[in-house]
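Next input, structure requested:
(3 chains)
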Amino acid sequence: MSTPADKRRHWLFKSEPDVYSIHDLERDKTTCWEGVRNYQARNLLRDEIQTGDLVFFYHSNANPPAIAGMAEVCRSGYPDHTAWDQQAKYYDPKGRPGQPTWFMVDIRHLETFAQPVTLTMLKQTPGLEEMMVTKRGTRLSVQPVTAQEWKIILGLARQGMPSLR
DNA sequence: GCCAACGTTGGC
DNA sequence: GCCAACGTTGGC
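Residues are numbered from 1 along each chain as shown, chains lettered A, B, ... in the order given. Predicted coordinates for the structure are as follows:
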């Protein structure tokens, strides 16, 4: 059951484009957001993020770091099986099958921004001062975004592209 | 439970 | 590649 449009929440997911980029998601259409191994982010994936929620796809460790596009959550939190797979990159030796520690969601590609919204732009734009991603030393890879912040950033992404509303 | 050492993240 | 900030680990 999907969340009604006016109840949708907004998030920002970080990914290193060398590992998995918005272009990979565009090609794949959907993906499992695997490999999150931080408890605060895990709690969001497990408890808060719902089908229909919207996600900014942020390229970290990139040149330049930027919000590169957007996606929609198409499956809410479920156990991240890669934690139990010894061959997997994100294998967690402390994990016990049947008692999941780590969770993931699935996301579906919505849009690759023709003009990525760089971290520099985010830092310069009034109204985004409280965003975690603009603050130094914030490493959380899954972050909440307010509806107001979402709107401002979408505006930035579409500057110079009035045909896209 | 403290906290130093260590590994990771991520901008620059 | 550097390094500051952060989260986790593990000795005590």
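
quick one, helices of chain A?
A:22-28, A:39-43, A:119-124, A:147-157 (DSSP state H).

Including mean pLDDT, could the ones you listed go into a markdown table?
Formatted as a markdown table, these follow (pLDDT from 0 to 100):
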| stretch | mean pLDDT |
| --- | --- |
| helix A:22-28 | 97 |
| helix A:39-43 | 95 |
| helix A:119-124 | 97 |
| helix A:147-157 | 96 |
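
possible to save those as CSV with distance to DNA strand C and mean neighbour count?
Glycine gets a C-beta too; all of them are placed from N, C-alpha and C. Output for the helices of chain A, formatted as CSV (distance: least, Cβ to the nearest atom of the strand, whole Å; neighbours: other Cβ atoms under 10 Å):
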stretch, distance to DNA strand C, mean neighbour count
helix A:22-28, 21, 16
helix A:39-43, 5, 15
helix A:119-124, 14, 16
helix A:147-157, 20, 17
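
which one of the ones you listed lies closest to A:His10?
Closest to A:His10 of the helices of chain A is helix A:147-157 (Cβ to Cβ; 4.4 Å).

which strands and helices sit next to the closest one?
strand A:10-15, strand A:54-59, strand A:66-79, strand A:103-118, helix A:119-124 (3 or more Cβ pairs under 8 Å, 6 or more residues apart in numbering; DSSP states H and E).

contacts for that helix?
By Cβ atoms under 8 Å, 6 or more residues apart in numbering, the surrounding residues in contact with helix A:147-157 are A:10, A:54, A:56, A:67, A:70, A:113, A:115-117, A:121-122, A:125, A:127-128, A:130-131, A:145.
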